[in-house]
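Visitor: Please find the sequence and the predicted model below.
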There are 2 protein chains.
Amino acid sequence: MGLQDLEHPLVHLTPPHGWLNDPNGLWYDAKDELWHCYFQHNPDSTVWKQPICWGHSVSKDAIIWDYKGLAIVPPDSDGGVFSGSVVVDNRNTSELFDESTDPRQRVVAIWTQDADGIQRQMISYSMDGGYSFKDYAHNPVLDINNSNFRDPKVIWHKETGRWIMVVALSQKFEISIYSSKDLIHWQYESGFAVRGFKGLQYECPGLIKVPLLDANGQEVKDTKDNWVLYISINPGAPQGGSATEYFIGEFDGKVFQPRDNQVRLMDLGKDFYAFQTFYNTPNDKDVIGMAWASNWQYTNQTPTSQYRSCLTMLRKLHLQKLQITPEYSEINLFSAPLWDQDSLVNLAPPKSLTPDAPLLPNHGLNINLDQGEGLLEFTWEWSVQDKLVPKADFCGITMFLKDQETSNQFLSLGFEANSSAFFLDRGNTGSHFTETNPLFTRNLSADLTPYRTFQGTSIYKVHGILDRNILELYFNDGALAATYTFFYLENRPIRWVHMESSVNDVFKIKELRFTELAIKSPSKTY
Amino acid sequence: MGLQDLEHPLVHLTPPHGWLNDPNGLWYDAKDELWHCYFQHNPDSTVWKQPICWGHSVSKDAIIWDYKGLAIVPPDSDGGVFSGSVVVDNRNTSELFDESTDPRQRVVAIWTQDADGIQRQMISYSMDGGYSFKDYAHNPVLDINNSNFRDPKVIWHKETGRWIMVVALSQKFEISIYSSKDLIHWQYESGFAVRGFKGLQYECPGLIKVPLLDANGQEVKDTKDNWVLYISINPGAPQGGSATEYFIGEFDGKVFQPRDNQVRLMDLGKDFYAFQTFYNTPNDKDVIGMAWASNWQYTNQTPTSQYRSCLTMLRKLHLQKLQITPEYSEINLFSAPLWDQDSLVNLAPPKSLTPDAPLLPNHGLNINLDQGEGLLEFTWEWSVQDKLVPKADFCGITMFLKDQETSNQFLSLGFEANSSAFFLDRGNTGSHFTETNPLFTRNLSADLTPYRTFQGTSIYKVHGILDRNILELYFNDGALAATYTFFYLENRPIRWVHMESSVNDVFKIKELRFTELAIKSPSKTY
């Protein structure tokens, strides 16, 4: 395995070469039982450059992806096939299909053409299960002569029996809602404008109905206000550059009415943008999605050579009540990675620290992961003796991740008890990019006060998936998520964990378990 | 001058020793022409520790502060005198005064008592112009038996002839609005709840009417919706820890109605919290305020020895239209530092770079500030040849600030042209704290796309005040502000500026002018 292979994560979608940004047209093929992911792509450039096309990858298990090349290309090299979505028009509302196409594969892509300074909504359809597309003869289907009108995401609104599109008037800060009977004729219904963190542009909206679960994980039926509208903002996200925010509310087929006037971020990391959900997922809830794991502030300079950027794992969403403070609880968006270990090989039995092992300053605990090829899963749970926390000192428990015990390069993450904040430091990984690009924020943090449980002491837990150059963290069973890319020196895989505390007695490890994984298919094509 | 003296900024308020956090009770004495600032204070501890009192400093010019010790102390050492505000009850609505007190000095402090697990609103009044306070005999004036009900800020609402208090129900995420005829009897009017970025607690609200200026700086009269409600959130700010957000809208004496449902941050840095405005400022607009320049994520560990934390410069606010995108403009909150050079000594003539001097990679330009004692003002304006920006490379212009040319320690700030983002790196200043506390975020950024002007090229400008261990930046005439603390090795003053570009031809310096300043009064008591 060469260095260039090591730079690709294993279970995060990348193109084999060239540029990738937003995920597009996510759908599940119920006939062939296949996940389809398209994405903004130029195979011939590792920086964003026209012509931007829809690249295409498929997966049987949503873990291992197989690259299929270009699915939609612009008619000439000046324009671009910008972001959009896919629906399965199984009842042939568009009349684009005949009986020769299985209803489960009547795929229509709705996307933005960027040409001549105008952005128009176009449709294309596929007769071969989503591998190639034909442009609709009378495109565009929606053109309001605006230069920043893009990223249509279409769903089937079964309550009113119509297609619903949300699309961004990016520079007016409006998410426009349109309806259609046939995917071709679109009627404006309403606008959701100037809400939340505006940033300096709105992009990539989506509207989904998300199941509300009770404390036992059972779905609460007959709920109304459990629609989620997500919007990506770039530039101008509060952490800098790009981020995805969301709102929870009611949707009646015409207007989205948020249940309150707050704004929330879907992921607290700096690498989570353009989130989109799949159409027609097996459980029929369509609440599984993925995001682009990068940030426009630095994405064109990240230190990979063959390709640039990956997508996140698939995440399944649900709503659930969360006690934010002793006086206030609210419905919160939870997420969990779709993590199918059957597709993976355990390289060694999972390795753990002895529970409640003493953790002392400068006398930490180690886990040797010498089988690791760069794909690690871990669960980490720790308790904090709040009364023993020394206020004047940094009171931290820190995990250092590196390629070998003697290395000076590391990724570190941990928890500081005075502030109840989780932190990540991706600034000591040795790559030139990391050390020289100040927009690739080294330190990131997440305030965890509501994301704990009490059992005499405060208990925190995090589930992590570390895949070569990306780390996804899910706190407290998915109540909070944070995604971070990092670039370890020469793409060396992480094989050594060191855990230590800056103080005595405050922290106890309740669980720390690492699993070293590889993918089954050696013929993976990313 | 010893190292301990060097650790105090010169024109930013600090206590001579001990702990400081939120500014409290800000008011201007029109009789003695004196600025009064109280603040959360414990002179005997450099970490937050009860008993928390109101410390007190005064200033003739709002630049040089004179420490006056404790103004309000809790009756016993268990409780705390938490944050609050001051009004001048010149018409003696409270009947606490008689003719012996000049109407301009009828000072009433409204503050939160934290005792026995309950937070109650108390008043105290001063017969000596704000130096000592007497508790009102029938305190509390507002008690709803809540453990997190604090930080009353009171204004006189002249339209309805009543006092208006905004106060935080911190853990219910409500800003409660009360009215009173006499400062003693308070009536609940409305609540502003679960708005904007909630964070994990609301604190330190304030409600002010802010003048709207037109493009020529003239006030637009007869405006209605130019009230600003500001709220501090901690923990859980989007950048981590503590931040101040604000909303613009109408206030009719009972209800604050925001003009839209967006949320905005008052300052993009990580050290701007608990902003509060002065009462009774000379121009009668009461739109001058200051904030605590720190963050609860790390404030108890910052590397000062005698004291902890400073307040920002005074900032004057106004509203003005800003073109955010070509398709969207809105009313934006501008701020400008109250910066009275008459109170300061120019240590040397201002030093400038030659305009349009060529700036090359590894062949930068230098400014030697050898007279500097750590207080510097600068204006920096640069142009960007957008068409020449190489997409695949970090395309930056960077200013390095250090104590001397040969030092390896530096503070750096600059601009990256691919992302139009300003960046600051405070991670190379050499202090142990900086290098070891990952919550003291090293890299911070501000997306500047709307904060530019066009004259063939894009032109950006920033006004900076650097004062020993704090840097305040005002972009594009105050359309955006960002405050950052930093801790340079052994508190050495910045005396050397090096400016370079990572590319040829893209950037031109239109202006870079540094002024080295000192304070006139050598007897400054902080």
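Guide: Structure's in. What do you need? Since the structure is predicted, the reported quantities are computational estimates derived from the model, not experimental observations.

Visitor: Just the element for the closest residue to A:S232 other than its chain neighbours, please.
Guide: Beyond its immediate neighbours in the sequence, the residue positioned closest to A:S232 (Cβ to Cβ, 6 or more residues apart in numbering or on different chains) is A:C204, lying 4.2 Å away. For the C-beta atoms, the positions are set from N, CA and C on the backbone; glycine is no exception. Assigned by DSSP states H and E, A:C204 falls within strand A:202-209.

Visitor: Neighbouring strands - and their directions - for that strand?
Guide: strand A:227-233 (antiparallel) (DSSP bridges).

Visitor: circling back to that earlier point, can you verify my assumption that the residue nearest to A:S232 contacts A:F275?
Guide: Yes. Counting by Cβ atoms under 8 Å, A:C204 does reach A:F275; the two are 7.2 Å apart.

Visitor: tell me the SS of A:E250?
Guide: Following DSSP: H, G, I helix; E, B strand; the rest coil, we place A:E250 in the strand state.

Visitor: May I see the buried residues of stretch A:190-200?
Guide: A:S190, A:F192, A:A193, A:V194, A:R195, A:G196, A:F197, A:K198, A:G199, A:L200 (16 or more other Cβ atoms under 10 Å in any protein chain shown).

Visitor: next one: stretch A:439-456
Guide: Buried positions in stretch A:439-456, judged by neighbour count with 16+ other Cβ under 10 Å: A:439-452.

Visitor: So which of those residues sit within strands?
Guide: Here DSSP state E is the test, and these give A:N443, A:L444, A:S445, A:A446, A:D447 as lying in strands.

Visitor: For the second one, give me the pLDDT.
Guide: Residue-level confidence at A:L444 comes out at 96, pLDDT.

Visitor: contacting residues for it?
Guide: Taking Cβ atoms under 8 Å, 6 or more residues apart in numbering or on different chains as the definition of contact, the neighbours of A:L444 are A:Q239, A:L268, A:G269, A:K270, A:F423, A:L424, A:R426, A:A482, A:Y484, B:G240, B:T441.

Visitor: Let me see the contact set for the nearest residue to A:F487 once chain neighbours are set aside.
Guide: Nearest residue to A:F487 in three dimensions, chain neighbours excluded: A:S431, at 4.2 Å (Cβ to Cβ, 6+ apart). By Cβ under 8 Å, 6+ apart, the contact list for A:S431 reads A:P303, A:F487, A:Y488, A:L489.

Visitor: Up against chain B, what does the stretch 251-400 of chain A have?
Guide: A:258, A:260-265, A:296-298, A:300-301, A:324-328, A:330, A:391-394, A:396 (Cβ under 8 Å from any Cβ of the partner chain).

Visitor: if we go to 10 Å?
Guide: Near chain B, the residues belonging to the stretch 251-400 of chain A are A:258-265, A:268, A:270, A:295-301, A:308, A:324-328, A:330, A:390-396, A:398 when assessed by Cβ under 10 Å from any Cβ of the partner chain.

Visitor: Of those residues, which belong to strands?
Guide: Using DSSP E, the subset of those located in strands is A:P258, A:N261, A:Q262, A:R264, A:L265, A:R308, A:I324, A:T325, A:Y328, A:E330, A:G396, A:T398.

Visitor: what residues are up against the spatially closest residue to the last one that is not a sequence neighbour?
Guide: Of all residues beyond its chain neighbours, the one nearest A:T398 is A:G414 (3.6 Å), with distances taken as Cβ to Cβ, 6+ apart. Contacts were defined as Cβ atoms under 10 Å, 6 or more residues apart in numbering or on different chains; by that measure A:G414 touches A:380, A:382, A:396-400, A:421-425, A:499-502, A:507, B:438.

Visitor: which regions of chain A sit below the pLDDT cut-off?
Guide: Judged by pLDDT under 70, chain A has its weakly predicted residues at A:1-4, A:77-78, A:355-356, A:521-526.

Visitor: Domains in it, by residue range?
Guide: Listed domain ranges for chain A are A:20-337, A:341-519 (source: automatic domain parsing).

Visitor: Switch the ones you listed over to JSON lines; also include distance to B:F334.
Guide: Below are those laid out as JSON lines (distance: least, Cβ to Cβ, whole Å):
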{"stretch": "domain A:20-337", "distance to B:F334": "17"}
{"stretch": "domain A:341-519", "distance to B:F334": "25"}
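
Visitor: With B:L365 as the reference, name the closest of those.
Guide: Closest approach to B:L365 among these is made by domain A:341-519 (19.7 Å; Cβ to Cβ).

Visitor: end-to-end on that closest one?
Guide: This stretch, domain A:341-519, spans 9 Å end to end (Cα to Cα, to the nearest Å).

Visitor: and if you look at stretch A:290-298?
Guide: The distance separating the two terminal residues of stretch A:290-298, taken as Cα to Cα, comes to 20 Å.

Visitor: Which residue would you name as the spatial centre of chain A?
Guide: For chain A, the residue sitting closest to the mean C-alpha position, by Cα atoms, centre = their mean, is A:A291 at 3.2 Å.

Visitor: how about the nearest residue to that one, chain neighbours excluded?
Guide: A:F275 (4.0 Å).

Visitor: does the one you found sit in a helix or strand, and which one?
Guide: In the assignment (DSSP H and E), A:F275 maps to strand A:273-277.

Visitor: List the beta-bridge partners for the residue in the stretch 251-400 of chain A positioned nearest to chain B.
Guide: With Cβ to the nearest Cβ, the shortest gap between the stretch 251-400 of chain A and chain B falls at A:T325, namely 3.7 Å. Beta-bridge partners recorded for A:T325 (DSSP bridges): A:Y328.

Visitor: wait, it sits on A:P450?
Guide: Yes. At 7.0 Å, A:T325 and A:P450 qualify as touching, with contact defined as Cβ atoms under 10 Å.

Visitor: rewinding a little: part of a strand, is the residue nearest to A:T398?
Guide: Yes. Per three-state DSSP, A:G414 lies within a strand segment.

Visitor: Next, find the distance separating A:P438 from chain B.
Guide: A:P438 sits 4 Å away from chain B when distances are taken as Cβ to the nearest Cβ, to the nearest Å.
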